[in-house]
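A.B. asks: only the shape, not the letters, is given here:
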């Protein structure tokens, strides 16, 4: 009996540092471990004792790529706890900030990190010689996402203008008009990317699993909604602990999501599966061009699903800007007084469902924080996907097996640094 270990100690073209350890006997898979190699970030611990107004400013530092989502979800959780209502302009400007993040993040992953797997290149840099136009378009589209975040949040990363109760400054209507035109002009570039992707060959893979996202009855849910699954769950976000559990692997610095004793999937493909009916025309066209049949159980299609969502947020951003242009956008500063309370909000970061839950004392100081990131939720499902994929690739040589395992992990678009949490074991 031959035992072989497949140790991938550097997963390339993902955010952060992680390793995959696969153990086989006579080419039969025995064990899978997805290990997060970065130390615990300790955010939930050092948020304790902070004033409620400070919490979103600190929490958004969990991630640079998804800082807007962390900023918005943290702010909304604080506002729920303290009892603060905001006006429609604030709601719309926050949404516009998140739409910019989606464009920037999805383009970064799909075209910079995932695309080389499909076209025989090690990186987007080596692909530039063969696909110069696509690489230039990727740079332009990512900049568009950054420009939207600057417009709504003050800068590309760790935005500075969003605050508890509103914004410290508003964009001018002239700049809003300019950005809307930039989005309209960029539609052709995004369509070029969709058309290219439609020519690529997707790996054959299917494993039915539990898909989870937020859902609304009136639109494609990205910022707020109820907790939902493909099999019909619909629950208020405050009940998240009833539906999302975490296990503590002894081989990793990150917790791993579990539902009903199994993994579940969050991310663009989960959102498409659950919210397809609310796609706008540009996204529907992209979905048709890419020939994605929903619901889909092919994890590799998460890459293409991100391009569909990019088309969706293009149109959502256009509509949100139109709404802001019709508004007086009067300065809004609600009464913000500290008080004891509990607040939970769940949003959809580009990589998937994101939970922030807080408790504050009567002085407005944080006494408890629970943050569950998309990548942490996906770890168990990723390991289960490896178990399903391996028998179909074990006839390849070592390099071929490692390539397909790397490719599967990249399809999740993991943000490994975000997933690191401190676990206390008695």
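C.D. replies: Perfect, thanks for sending it. Bear in mind the structure is a predicted one, so any value in this text is a computation, not a measurement.
A.B. asks: by mean pLDDT, flag the weakest helix or strand of this structure.
C.D. replies: None of the helices or strands of the chain scores lower by mean pLDDT, DSSP states H and E than helix 43-46, at a mean of 84.
A.B. asks: report all helices and strands that that helix contacts.
C.D. replies: Contacts defined by 3 or more Cβ pairs under 8 Å, 6 or more residues apart in numbering; DSSP states H and E place helix 43-46 against helix 55-59, strand 366-372. The way it works is simple: take the backbone N, C-alpha and C, and place the C-beta from them, glycine included.
A.B. asks: possible to save those as TSV with mean neighbour count, mean pLDDT and distance to residue 82?
C.D. replies: Conversion of these to TSV gives the following (neighbours: other Cβ atoms under 10 Å; pLDDT from 0 to 100; distance: least, Cβ to Cβ, whole Å):
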stretch	mean neighbour count	mean pLDDT	distance to residue 82
helix 55-59	21	94	10
strand 366-372	18	95	11
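A.B. asks: which among those is found nearest to residue 97?
C.D. replies: For residue 97, the closest of the helices and strands packed on helix 43-46 is helix 55-59, at 12.3 Å, according to Cβ to Cβ.
A.B. asks: now do the closest one: which elements does it pack against?
C.D. replies: Using 3+ Cβ pairs under 8 Å, 6+ apart as the test, helix 55-59 ends up in contact with helix 43-46, helix 67-82, strand 366-372.
A.B. asks: which residues sit against the last one?
C.D. replies: Identification of contacts with strand 366-372 by Cβ atoms under 8 Å, 6 or more residues apart in numbering yields 43-44, 47-52, 55, 59, 62, 240, 244, 246, 255, 257, 354-361, 421.
A.B. asks: give me the buried entries from these.
C.D. replies: Buried by 16 or more other Cβ atoms under 10 Å: 43-44, 47, 50, 52, 55, 59, 62, 240, 244, 246, 255, 257, 354-360, 421, out of those.
A.B. asks: out of the contacts of strand 366-372, which sit inside strands?
C.D. replies: Of the positions in the contacts of strand 366-372, 246, 257, 354-360 sit in strands, assigned by DSSP state E.
A.B. asks: from the residues you listed, which is closest to residue 78?
C.D. replies: Nearest to residue 78 among these is residue 358, at 6.4 Å by Cβ to Cβ.
A.B. asks: so what's the closest one up against?
C.D. replies: 47, 55, 77-78, 81, 342-344, 366, 368-370.
A.B. asks: excluding its backbone neighbours, what's nearest the residue nearest the centre of the chain?
C.D. replies: Most central in the chain under Cα atoms, centre = their mean is residue 351, positioned 1.8 Å from the mean C-alpha point. Counting by Cβ to Cβ, 6 or more residues apart in numbering, residue 351 lies nearest to residue 374, which is 4.2 Å off, once chain neighbours are set aside.
A.B. asks: so that neighbour sits against residue 381, correct?
C.D. replies: No - between residue 374 and residue 381 there is no contact, the gap being 11.1 Å when judged by Cβ atoms under 8 Å.
A.B. asks: quick one: closest of the helices and strands packed on helix 43-46 to residue 397.
C.D. replies: strand 366-372 (38.4 Å).
A.B. asks: what angle do that closest one and helix 67-82 make?
C.D. replies: Taking axes from the mean of the first three to the mean of the last three Cα atoms, to 10 degrees, one finds that strand 366-372 is oriented at 140 degrees with respect to helix 67-82.
A.B. asks: strand 366-372: partners in the sheet, and parallel or antiparallel?
C.D. replies: Sheet pairing here is set by DSSP bridges, and for strand 366-372 it gives strand 352-360 (antiparallel).
A.B. asks: can you name the element that comes right after the helix or strand harbouring residue 179?
C.D. replies: Element membership for residue 179, per DSSP states H and E: helix 173-197. The element immediately downstream of helix 173-197 (helix or strand, assigned by DSSP H and E) is strand 210-215.
A.B. asks: what comes up buried for the helix or strand following that following strand?
C.D. replies: Next in sequence after strand 210-215, counting helices and strands by DSSP H and E, comes strand 226-229. By neighbour count on 16+ other Cβ under 10 Å, the buried set for strand 226-229 is 226-229.
A.B. asks: residue 19 pairs with what?
C.D. replies: Counting by DSSP bridges, residue 19 is bridged to residue 35.
A.B. asks: got any ranges where the stretch 251-400 of the chain has weak pLDDT?
C.D. replies: By pLDDT under 70, the weakly predicted segments of the stretch 251-400 of the chain are 332.
A.B. asks: what ranges do the helices span in it?
C.D. replies: Assigned helices in the stretch 251-400 of the chain, in chain order: 268-275, 281-290, 302-326, 374-393, 398-411 (criterion: DSSP state H, counting those that start in this stretch).
A.B. asks: out of the ones you listed, which one sits most buried?
C.D. replies: Most buried of these by mean neighbour count (mean count of other Cβ atoms under 10 Å) is helix 268-275; its value is a mean of 26.
A.B. asks: what's the angle from that one to strand 210-215?
C.D. replies: Interaxial angle of helix 268-275 relative to strand 210-215 (the same axes, to 10 degrees): 70 degrees.
A.B. asks: tilt between helix 268-275 and helix 398-411?
C.D. replies: If you take the same axes, to 10 degrees, helix 268-275 sits at 50 degrees to helix 398-411.
A.B. asks: helices or strands next to the helix or strand containing residue 101 in the packing?
C.D. replies: Element membership for residue 101, per DSSP H and E: helix 88-107. The contact analysis (3+ Cβ pairs under 8 Å, 6+ apart) places helix 88-107 against helix 67-82, helix 132-153, strand 166-167, helix 302-326.
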